[in-house]
Every structure is written in C-alpha cells, then in structure tokens.
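*Asks:* Got a sequence here, can you model it:
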Amino acid sequence: MALIKHDAAPSIVTNDSGMIICANDAAQKAYRANHAETLAGALQSVLANPGAALFRLKSTATARGSAHEDLVTASGHIRLSVHRAGEEWFLWRIERSADMAARRADPLPLPMITVGRNNAVLFMNDAARNLVGERARTLDRICPKLPLRSGQFNDISTRDGLQSCLTVALEGMAGRREVFLLPGVAATERQPDGWAFFDELPVPLLKLDPGGEIQLSNLPARELLGADECRGRSITELLEGLGRSIPDWLGDAAKGRGTLHSEFLRVKREDRDTFVQVTLNRASEEGRTVLIAVLNDATELKSLEAQFVQSQKMQAIGQLAGGVAHDFNNLLTAISGHCDLLLLRHDQGDSDYNDLVQINHNANRAASLVSQLLAYSRKQTLRPEVMDLRDAMSDLTHLLNRLVGEKVILSLTHDPALWSIRADKRQLEQVVMNLVVNARDAMLEGGEIRLTTENVTLTAPLARDRAVVAPGRYVKVTVADEGEGIAPDKLQKVFEPFFTTKRTGEGTGLGLSTVYGIVKQTGGFIFVDSEFGAGSQFFLLLPAHDPVEDKPESTVEPMPDDAPAGGVVLLVEDEAPVRAFASRALQMRGFTVLEAESAEDALELLEDAALDIDVFVTDVVMPGMDGPSWVQQALKSRPDARVVFVSGYAEEDFGDTQARIPNSVFLPKPFSLTDLTEIVQRQL
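*Replies:* Prediction:
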C-alpha cells in the first residue's frame, strides 16, 4: 500500500477473483473504491459493463504479466492497465488519456524569449535554449549591451560565444515582450528600415492592422497561403475560421483582451487542403497598434487530429457494437430456447406450430445480424471453412443487387471448373461487399460492375508492388468498374487506414484497409489497377484449397432426441431467462440441475462435500467473480468435474484462460436446446 498510496493515478490491488484488497487515495476519491467490494463494482459508475474488459485484461495479464486497454467512457477515454503482483494479486491503474495539445511540438522553430518587466526572462522555447545554451534569468545575460532594439543587430551570448543576431521585439500584455532572435543574417544585407528584414525571415509572418488588412507579408507566408501578393487584402480573403469569428479574434488581440493563444485556420486555396496555426502578437508602430501574425503549417497536425478523432469514433462504435451484441445474444438465447421448449410440445398438425417455427426462424436471423455486429467490432470467433466461391457469390447476389441500385448493372462471370478455397465466409462476403460498394460510389452516373472468378496457376513468382506471390494455384476474384478511376498519386495509398478519396462525411477510410487485412489473414493478395478517368479494377488472389492436405475430422453422432441422459449439472448464469431455459432443457434430457445466479453462490453450494457434481455449465462474464475464476477455484477440490463455458462474447477473448482449464469446452450464445444438451452429454 505504501508503494501506491501517493500515486497520482487511481491504483487498486485485487485478488484473483476481483475483490479489492487495497486502493490508494486517488482511487478512493475518483471511484469511491473504499465503498466497493470488487473492482467491477468500483468502475460501474464509469463503464456500462466493466466485467468484460476486466476479464480480458486479467486473462492477458495472467498469461503475459501485464496488459492495458483504452476504453471509452461518458467523460472521455481512460487507459486501464493491470500488472501481476505475486501469484494471486493484480495491480490495476486507471489513467485518463493525455490531451493531444500537451503532446504538440513547439510550432515556432525560431528562437523566442518572453521577457517581463526589468528584463526578467520568463520563458525560452527549445530553439532559444539550443542557441543560448542554458536558461538565463535576465536578458542582460543573453544580450550584454542593453538596450535591445527591435529591427537592429545585437550581440547575443550563445553557446558558441558572441554572435550577431537580428532581433525582433513584439509588445505583449502586462509589460511583457516577445523577443525573436535571427542568427546568421548578415548585417550588410539589411537596410535601415526597421521592417526591411521582414521578407527575409524564415518563418511565415504577416503584419496586420487591427481590422485585419494585411500591411506586410514575407515570402514564406505568401508561399504557405498560395498568394502572389497579400498587401492590401483582408486576412479573411485568405483564411477562414474553424469556429470563432476571425474579426472578433483580431479585435480581442488588438485591445489586449484575453490570452494570446493561437488559432487553427483553413487556407482558402484550391490546389490543396492547407491548415495553419496562427499566433497573434501586438506591436506598436508610431503610436498605432499593429498585429504580427506568426503562421505555422498545421496541415499534417490537423490530418493526424482528424485520424485520431476518427479512430476514437470507430473505437466507440466497436465497443458499443460488442456490448449490444452481447446483450442481444442473451435475449436471443432466451427467446429461441423457450421457443424450442414449446416446439417439443407441438407437432405439425397443431395450429400454433407454424407460428412457433416463424419465431424460431426470425430469432436465428436476428442471431445472424448480431454475429455481423460482433464481426464488425472484431469480437467474433471466426472459423475458416472449405467453400466454393460460386455458391458464396450466389448467396450474396441478391444483397449486392440491392446495394448497387437501379443505375448500376452488376454482372457475374464464374469459371465453370472453379477450385475451392478455405476462408471465413462472413469475412469474404465483407470483402466483396466493400469492393462492390466502392465501385458503385465511383460511378455516380451509372455503369456496369463486373465481378468475375477464374483459376490461375503461377509457374514463377509474381513480383508486384511490394509483394511477391509464390508459385502455385490460386482463385482470382476481380471487381471492375467504369468509374472515375484513381489518380496515380493516390493509387499507392488506397489500402492505408483512414485514407479515402470520397468527400468529407461520405467515407471512413476504413473499407479498403479492412479488405486488405481480411485478405492477408486468409493468406491471399489484393492488387489494384486504375486509369484516371477510365475506371478501376481490384483483383484478389486466394490460395486454392488442396483436398489432399485435409485431415479427416472426427465427428460425433448427434444424440437422439429421446436418448436418456444422466448426471448432475451445476448451472451458473446471471441472466434469469437464460438460466430458466437452460435448466428446463437439461432436466428434460434427464440431468439433475442445480442452479446458481452468481459465482459466489456456486462456490457456497460446493462447500457441501457430499454433493456430487459431474459438469459445470457457467457463463464467462458475470458481475463479481467471472466464470473461469470460480471454476479454477472449484476444480481444486473437484478435479474430475467437466466444464462447459457459455458466453455472448467471442471465444478468443478468453481462449488463453480456457486452455489452462482441463476438460473444458466453449458454447457460444445464442445456443439451442439441442446444442446445450448435446455438448453436456459429450462432456460426460
């Protein structure tokens, strides 16, 4: 406790079951950790479903020693990290994400010193410290021959000795001045005019009157703004604000109201998107107030910021999709399960039979939609299978025709002797849908999208772009359009995350990067050919499946509906409707069922040594102690018990943990009556 007591970040130590052992002052203040029994309970106020995240992190930390995850909360992003602390303890830290602005580099490469009254040095940027060599307390340490005059050459004490520097002093607020140092500018090249140096400065600068009219500009500023001449033009002709009114901002700066902070503005130029960070400083010229605007190219920074915001948005959507899918899987398990129970009591001659079949059919359709949500959030267990692309495309044709609309014709051509491939069908459908939708968006006036499949045999390595395709048999899938095509300078970037040729708001820039990732995971390749103005052609090379390499899978004959079963099952499920269905289904097959709504209740039942349990059926993520934790504890006294884990999340979320638990299997939700009873019977 002494180690974490004064840590500024909330820190909590828990045992293997998630019970809080101790918490530091920051955790007690931020999350009232001293009033909660478990870490999940402490985080309930900021996370809607902390159990799933805590379980994922603890499982990874158990295997690797530590783990962390960035999570979305109502008040922003937090980073939740965990470290192993001995055999049974875990140290958790909760940190809020650092503000992007805190990580921005100094936008002014020009040496700059902020000087207060009596020439006291208040601030030196990195460039000034590199020039001077150390932080000086007063200006006379830097400029031995005071007074220092703006627009004149002064001797400056640098780390390499005295050096002649052109100085520019700008008047600030409360008696402060900002002094810019320009070493390496020859005095013989300068004219007596105090502003003659302006055009030679390496930093983009504008001199403005309080109304925003540009009185003077230097060459770097004109190049950045894309203007041949700026004098006499209003700054609003060249720049547009991203929020605040530019005239109001100029007026506040001219009158010295508020702090002299920078603003991000967009340059009004047609050749490319350019953003600038503008810092205003007040200066006095012959008794009149003028403004000096220091410009910094912030295009790359704004691009990174946009990508960061987009990634946060996609992360939030992904977490929402995963959470919604988990809850829906519980609901669908209860709906389809009780429907199965009703179907057992009705035959085809009953008037209610067809209605029950419809309920069951639509529950399965809903389960398919939920699985797509989980796949989108990358929380779905994905299993490759041997498949014929012609059948997969045939199943997808109706949806693709709906997607392309009436203006676009979709034509499919298949090789009649097409080889089989081994891939995840859902992933492959996502690839084709993304490519077809992109082709449709490229043809605003309509046209034809040609989707073809063919066999290709490479007798020699194919070197293309930065990839080398090994010789062998491949199935080639081509999606070609008659659209606008892709410009040559953008062709190499189309698979990069967040890169899109679509207008703002029309694309996330994640479609083709997702396609690329899926194709690479399948062991294939994707390439693009495009002629600007004449259309694009994306083609995939997927390894053909060799049936000789397949090993015969051991199959288990399904248990007949009327087959007798026996054994004692301990069912642990916090969702009451799911627990009720599962209990009735197992009892109807002849099992003796003991129910518990939490891990703690299950362990309390197992305290009776005379109680004989054959199979544990438990949910994975539950309030308080999770499924694997209580099972590991229970197996210490009952090592022969078999385990069935059920969850609405993916198996991969706790695959490492399950692998360490002997005689355990996984059953994903939603499951049917037959699925549950068969897997329990197999465990016996």
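*Asks:* can you give me the strands for the stretch 251-400 of the chain?
*Replies:* If DSSP state E, counting those that start in this stretch is used as the criterion, the strands of the stretch 251-400 of the chain fall at 263-267, 275-285, 288-297, 385-387.
*Asks:* okay if I get those as CSV plus mean neighbour count and distance to L428?
*Replies:* The C-beta positions use only the backbone N, C-alpha and C, and glycine is treated the same way. As requested, those are exported to CSV (neighbours: other Cβ atoms under 10 Å; distance: least, Cβ to Cβ, whole Å):
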stretch, mean neighbour count, distance to L428
strand 263-267, 19, 41
strand 275-285, 18, 40
strand 288-297, 20, 43
strand 385-387, 12, 8
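*Asks:* Please dump those into JSON lines; it should also carry mean pLDDT and distance to D350 for every row.
*Replies:* Compiled in JSON lines, these are given as follows (pLDDT from 0 to 100; distance: least, Cβ to Cβ, whole Å):
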{"stretch": "strand 263-267", "mean pLDDT": "86", "distance to D350": "69"}
{"stretch": "strand 275-285", "mean pLDDT": "83", "distance to D350": "69"}
{"stretch": "strand 288-297", "mean pLDDT": "86", "distance to D350": "75"}
{"stretch": "strand 385-387", "mean pLDDT": "88", "distance to D350": "36"}
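*Asks:* Which secondary structure state is assigned to the closest residue to K476 other than its chain neighbours?
*Replies:* Nearest-residue entry for K476: V456, 4.6 Å, with adjacent residues in sequence omitted and distances by Cβ to Cβ, 6 or more residues apart in numbering. Assigned with DSSP: H, G, I helix; E, B strand; the rest coil, V456 falls in the strand class.
*Asks:* so what's V456 up against?
*Replies:* Residues in contact with V456 (Cβ atoms under 8 Å, 6 or more residues apart in numbering) are 473-476, 541.
*Asks:* Put the buried members of those into a PyMOL selection.
*Replies:* Buried residues within those, by 16 or more other Cβ atoms under 10 Å, are selected in PyMOL with:
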select buried, resi 474+475+476+541
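*Asks:* which ones among the contacts of V456 are found in strands?
*Replies:* 473-476, 541 (DSSP state E).
*Asks:* Show me what secondary structure element comes after the helix or strand A582 falls within.
*Replies:* Taking DSSP states H and E as the criterion, A582 maps to helix 576-588. Downstream of helix 576-588, the next assigned helix or strand under DSSP H and E is strand 592-596.
*Asks:* Could you report the pLDDT at S164?
*Replies:* Note for S164: predicted pLDDT of 72.
*Asks:* Distance of it relative to K520?
*Replies:* 58 Å (Cβ to Cβ, to the nearest Å).
*Asks:* Nearest residue to N118 in space, ignoring adjacent ones along the chain?
*Replies:* T138 (7.8 Å).
*Asks:* ok, now L542?
*Replies:* Nearest non-adjacent residue to L542 (Cβ to Cβ, 6+ apart): G524, at 4.1 Å.
*Asks:* re earlier: relative to R117, which of the ones in strands among the contacts of V456 is nearest.
*Replies:* Closest approach to R117 among the ones in strands among the contacts of V456 (Cβ to Cβ): L541, at 72.2 Å.
*Asks:* Let me see the contact set for that closest one.
*Replies:* Neighbours of L541 in contact, by Cβ under 8 Å, 6+ apart: 456, 469, 474-476, 524-527.
*Asks:* For beta bridges, what are the partners of it?
*Replies:* In this entry, L541 is beta-bridged to K476, F525, by DSSP bridges.
*Asks:* Please name every helix or strand in contact with the longest helix along the chain.
*Replies:* In the chain, taking DSSP state H as the definition, the longest helix is helix 299-344. Where contact means 3 or more Cβ pairs under 8 Å, 6 or more residues apart in numbering; DSSP states H and E, helix 299-344 is packed against helix 50-64, strand 66-73, strand 275-285, helix 353-376, helix 576-588, helix 673-683.
*Asks:* which one of these has the lowest average pLDDT?
*Replies:* With a mean of 72, helix 353-376 has the lowest mean pLDDT of the helices and strands packed on helix 299-344.
*Asks:* Give me the helix or strand of the chain that scores worst on average pLDDT.
*Replies:* Lowest on mean pLDDT, DSSP states H and E among the helices and strands of the chain sits helix 655-659, with a mean of 67.
*Asks:* Sheet partners, orientation included, of the helix or strand following that helix?
*Replies:* Next helix or strand after helix 655-659 toward the C-terminus (DSSP H and E): strand 664-668. Sheet pairing of strand 664-668 (DSSP bridges) gives strand 642-647 (parallel).
*Asks:* Now do the partner strand: distance to the chain's middle.
*Replies:* Using Cα atoms, centre = their mean, to the nearest Å, the mean C-alpha position of strand 642-647 is found 30 Å from that of the whole chain.
*Asks:* Show me the contact partners of it.
*Replies:* Residues outside strand 642-647 that contact it (Cβ under 8 Å, 6+ apart): 573, 614-621, 627-628, 631, 635, 653-654, 658, 661, 663-669, 671, 679-680, 683-684.
*Asks:* by how many degrees do it and helix 50-64 diverge?
*Replies:* On the basis of axes from the mean of the first three to the mean of the last three Cα atoms, to 10 degrees, strand 642-647 is oriented at 130 degrees to helix 50-64.
*Asks:* one step back: how about the contacts of L541 in CSV, adding distance to V646 and pLDDT?
*Replies:* Formatted as CSV, these follow (distance: Cβ to Cβ, whole Å; pLDDT from 0 to 100):
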residue, distance to V646, pLDDT
V456, 43, 93
V469, 42, 89
Y474, 40, 94
V475, 37, 94
K476, 41, 94
G524, 34, 90
F525, 38, 91
I526, 37, 90
F527, 43, 90
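*Asks:* wait, which of these is closest to F264?
*Replies:* Distances from F264 to the contacts of L541, taken by Cβ to Cβ, are shortest for I526, at 36.6 Å.
*Asks:* and G232, that one's in a helix?
*Replies:* No - if the criterion is three-state DSSP, then G232 is coil and not within a helix.
*Asks:* Residue numbering should commence at 459 henceforth.
*Replies:* Done: numbering now begins at 459, and the last item shifts to G690.
*Asks:* Hmm, E671 and it touching each other?
*Replies:* Yes - the criterion here is Cβ atoms under 8 Å, and G690 meets it with E671 at 6.8 Å.
*Asks:* Looking at these two, which is more packed in?
*Replies:* With other Cβ atoms under 10 Å as the criterion, G690 and E671 differ in neighbour count, and E671 comes out ahead with 16 against 8.
*Asks:* Can you tell me the closest non-neighbouring residue to the more buried one?
*Replies:* Spatial nearest neighbour of E671, excluding adjacent residues (Cβ to Cβ, 6+ apart): S692 at 5.7 Å.
*Asks:* Tell me which residues touch the one you found, please.
*Replies:* So S692 contacts 669-672 (Cβ under 8 Å, 6+ apart).
*Asks:* now do 10 Å
*Replies:* 666-667, 669-672, 704-705 (Cβ atoms under 10 Å, 6 or more residues apart in numbering).
*Asks:* Check the gap between it and L708 for me.
*Replies:* Distance from S692 to L708, by Cβ to Cβ: 10 Å.
*Asks:* Mutual contacts of the two, please.
*Replies:* 666-667, 669-670.
*Asks:* List only those of those residues flagged as buried.
*Replies:* Judged by 16+ other Cβ under 10 Å, buried ones among those: 666-667, 670.
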